[in-house]
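Trainee: Sequence first, then the predicted structure, then my questions.
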Amino acid sequence: MPFLLFAVLFLLLPTLNIVLGAFRTQTGTFTLQNIYNLTNPRIIAAFWVSIQLSFASALIGCVLGFVIAAGVTLGGLPSWLRAPMLTFSGVASNFAGVPLSFAFIATLGRVGILTIILRDWFGINLYGMGFNLISFWGLVLVYLYFQIPLMILIITPALDGLKREWREAASIMGASGFQYWRMVALPVLWPSILGTMALLFANSFGAIATAVALTGSQLAIVPIVLFNQIRGDVLQDPQLGYAIAFGMIVVTGITNLIYIVLRVRSERWSK
Amino acid sequence: MKTTRFWSYAAFIAGLIYFVVPLIGMFEFSLRKRRGEYSFDAYTSVLNDPQFQQTFLYSVALSICTILLGVLLIVPTAYWVRLKLPRMRPVIEFITLLPLVIPPIVIVFGYIRLYNTSSWLPFTGTAMGTNVLLTFGYAVLALPYMYRAVDTGLRAIDIATLTEAAQSLGAGWVTIIWRVILPNVLVAVLSGAFLTFAIVIGEYVMSALLDRPAFGPYLVWIGANKAYEPSALAVMTFAITWACMGLIQLITRFSKHTRAMA
């Protein structure tokens, strides 16, 4: 089948090549030295920043996306808001990368409109207060622009799947709204929420274009470190690139493994 | 219930502000090129830039190739798996989800190592070869979305009956896929195609590392060297993304309409 050939040649083999390369010396013999070299403090720091960044943006994106989606599907907002919100979410979740960072620079950069309005009209000097778009939380703020819509897109169908009867049954038995959410709705939604969270994590862990356009490859997150390494071997060790790439696969792989394990456990509950 | 509604409104309005303000910001900024008044100078400057025209056309051409390649690969596969190999479905689905797990930068790193000039398949040896490689890379990036779209489209039709009907009329496999299956899943294919277009047009890391003159690297270059043009470009890209999503909605709605009429 041509499809399998395509998958092998352009997805599986390249990945395998990276994984094997991580365990090879330049002459091709087996080694663990490359993996050991990952303990270089600069690389450890890059991984740690990336993991925190992805986790923060995935968690906040999940919570806020959930609240907005729940508000529109169940919270009594007018139903005509629903379709435009979903369409906009489709647009915004794809409006990532370079243009997105331009939009934020134009809004919250040093001469961005919001920065200037806050300064001239309200006397709030954002940058004087220590705010910087080119920082950890600045990047989280930007990433949320595609994370929240992605959460909304995925969780809305799941929220629609909550049967009205469950809520009625719960309230007949005397459950409060909070109890209904904690003991009925959230356990049912848990697999979808976790799955989306894993997806959002991988989504921002691999994201590079936004960060490059925003920070000019200054902020040392893993994809940028790897990017610079591929471009010009800045770490003076060609094999180290393999190890970093392997590390990235391990991180996203573990995330998805956690998701699968949790999902199996939660499905045992929902049976 | 009143408090629920209040909080729903609060969340929605906060979300609205967060999502709309950057759009206003980029639009306002894009108009500021001329001192003291609003103008579309940044837009004319961008549109007249020959590099903009070249890179944009390059990415458009590449996205069309990607879409064609994706359709050619995915429609027959999804059809075949549904018809004959339902047991393979988990495997195929796992493969189609891999690009969401493996970061694009890792995939393209693998390409550079595997298909360099001294390898058995020297894609990166020539410009044309690199273009082909990049197209395959984009097809990998689009795979999860395209496969999902086509598979959902196939679920809605009775492919077993359609296939038997076509076969009893003497159609071969190519005819069946081209003239029976494809027209029936055309809406799904088109929505996958517009999504692919939106992904390819702004893609950065693959084209940058394969050193091709695509629109994404041009955007980064402009962002580092110009003040107002980036915002104009962002507005234009946003409009393109919006158009793609709008077209998906439109064709989906249109097809529901015709199906209801039939």
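Mentor: Perfect, thanks for sending it. Quick caveat: nothing in here was measured; it's all calculated off a predicted structure.
Trainee: pretty sure residue B:12 contacts residue A:70?
Mentor: No. Here residue B:12 lies out of contact with residue A:70, judged by CB atoms under 8 Å, at a distance of 10.4 Å. Glycine gets a C-beta too; all of them are placed from N, C-alpha and C.
Trainee: So between those two, which is more surrounded?
Mentor: residue A:70 (23 against 18; other CB atoms under 10 Å in any protein chain shown).
Trainee: Pretty sure that one sits against residue A:159.
Mentor: Yes. The pair residue A:70 and residue A:159 qualifies as a contact (CB under 8 Å) at a distance of 6.0 Å.
Trainee: Nearest residue to the most centrally placed residue in chain B in space, please, no chain neighbours.
Mentor: Centroid-nearest residue in chain B, with CA atoms, centre = their mean: residue B:196, separated by 1.5 Å. Leaving out its chain neighbours, the residue that sits closest to residue B:196 by CB to CB, 6 or more residues apart in numbering or on different chains is residue B:142, at 4.2 Å.
Trainee: where do the helices sit along the stretch 151-271 of chain A?
Mentor: Assigned by DSSP state H, counting those that start in this stretch, the stretch 151-271 of chain A shows helices spanning A:164-172, A:177-180, A:186-206, A:209-215, A:222-232, A:238-270.
Trainee: Adding mean pLDDT and mean neighbour count, write those helices out as TSV.
Mentor: As requested, these are arranged in TSV below (pLDDT from 0 to 100; neighbours: other CB atoms under 10 Å in any protein chain shown):
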stretch	mean pLDDT	mean neighbour count
helix A:164-172	82	12
helix A:177-180	80	14
helix A:186-206	86	21
helix A:209-215	84	24
helix A:222-232	87	21
helix A:238-270	81	17
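Trainee: right, and the ones you listed - which one's nearest residue A:54?
Mentor: helix A:186-206 (4.2 Å; CB to CB).
Trainee: Where does pLDDT dip in chain B?
Mentor: Counting by pLDDT under 70, chain B has low-confidence residues at B:1-2, B:256-262.
Trainee: Now it against chain A: closest residue?
Mentor: Relative to chain A, the nearest point of chain B is residue B:110 (2.4 Å; CB to the nearest CB).
Trainee: Can you tell me the closest non-neighbouring residue to that residue?
Mentor: Taking CB to CB, 6+ apart as the measure, residue B:110 lies nearest to residue A:14, with 2.4 Å between them; neighbours along the chain are not counted.
Trainee: Tell me the secondary structure of the closest residue to residue A:109 other than its chain neighbours, please.
Mentor: Of all residues beyond its chain neighbours, the one nearest residue A:109 is residue A:133 (5.8 Å), with distances taken as CB to CB, 6+ apart. Of the three states, residue A:133 takes coil under DSSP: H, G, I helix; E, B strand; the rest coil.
Trainee: Residue A:133 contacts residue A:111, correct?
Mentor: No. With contacts defined as CB under 8 Å, residue A:133 does not count as touching residue A:111, sitting 11.4 Å away.
Trainee: Looking at the two, which one has more neighbours?
Mentor: In terms of neighbours (other CB under 10 Å), residue A:133 is the more surrounded of residue A:133 and residue A:111; the figures are 22 against 11.
Trainee: Neighbours of residue 37, how many?
Mentor: Reading this off chain A. Applying other CB under 10 Å, we find 16 residues neighbouring residue A:37.
Trainee: meant chain B, my bad for not saying
Mentor: Residue B:37 has 9 neighbours, counted by other CB under 10 Å.
Trainee: My assumption is that it lies in a helix; please confirm.
Mentor: No. Residue B:37 is assigned coil when assessed by three-state DSSP, not a helix.
Trainee: show me the contacts for the residue nearest to residue B:196.
Mentor: Residues near residue B:142 by CB atoms under 8 Å, 6 or more residues apart in numbering or on different chains: B:66, B:67, B:70, B:192, B:195, B:196, B:199, B:200.
Trainee: In helices, which of those appear?
Mentor: Of the positions in these, B:66, B:67, B:70, B:192, B:195, B:196, B:199, B:200 sit in helices, assigned by DSSP state H.
Trainee: now for the residues you listed, which pair is the farthest apart?
Mentor: Checking those against each other with CB to CB, the farthest-apart pair comes out as B:192 and B:200, at 12.3 Å.
Trainee: and the residue nearest to residue A:109, how far is that from residue A:105?
Mentor: 7 Å (CB to CB, to the nearest Å).
Trainee: what does the stretch 151-262 of chain B put close to chain A?
Mentor: By the rule CB under 8 Å from any CB of the partner chain, the part of the stretch 151-262 of chain B lying against chain A is B:195, B:198-199, B:202-205, B:208-209, B:216, B:219-220, B:223-224, B:230-231, B:233-234, B:237-238, B:241-242, B:244-246, B:248-249.
Trainee: burial count for residue 173?
Mentor: Unless you meant another one, I'm taking chain A. When neighbours are counted by other CB under 10 Å, residue A:173 registers 9.
Trainee: wrong one, I was asking about chain B
Mentor: Under the neighbour criterion other CB under 10 Å, residue B:173 is assigned a count of 14.
Trainee: And for residue A:236?
Mentor: Counted with other CB under 10 Å, residues neighbouring residue A:236 total 7.
Trainee: ditto for residue A:153
Mentor: Residue crowding around residue A:153 was assessed by other CB under 10 Å; the count is 18.
Trainee: In which helix or strand does residue A:86 reside?
Mentor: Secondary structure assigned from DSSP states H and E places residue A:86 in helix A:82-94.
Trainee: for whatever residue of the stretch 151-271 of chain A ends up closest to chain B, what are its contacts?
Mentor: For the stretch 151-271 of chain A, the nearest residue to chain B under the criterion CB to the nearest CB is residue A:206, separated by 3.0 Å. The neighbours of residue A:206, taking CB under 8 Å, 6+ apart as the test, are A:223, A:248, A:252, B:103, B:104, B:105, B:106.
Trainee: Fine by me, thanks again.
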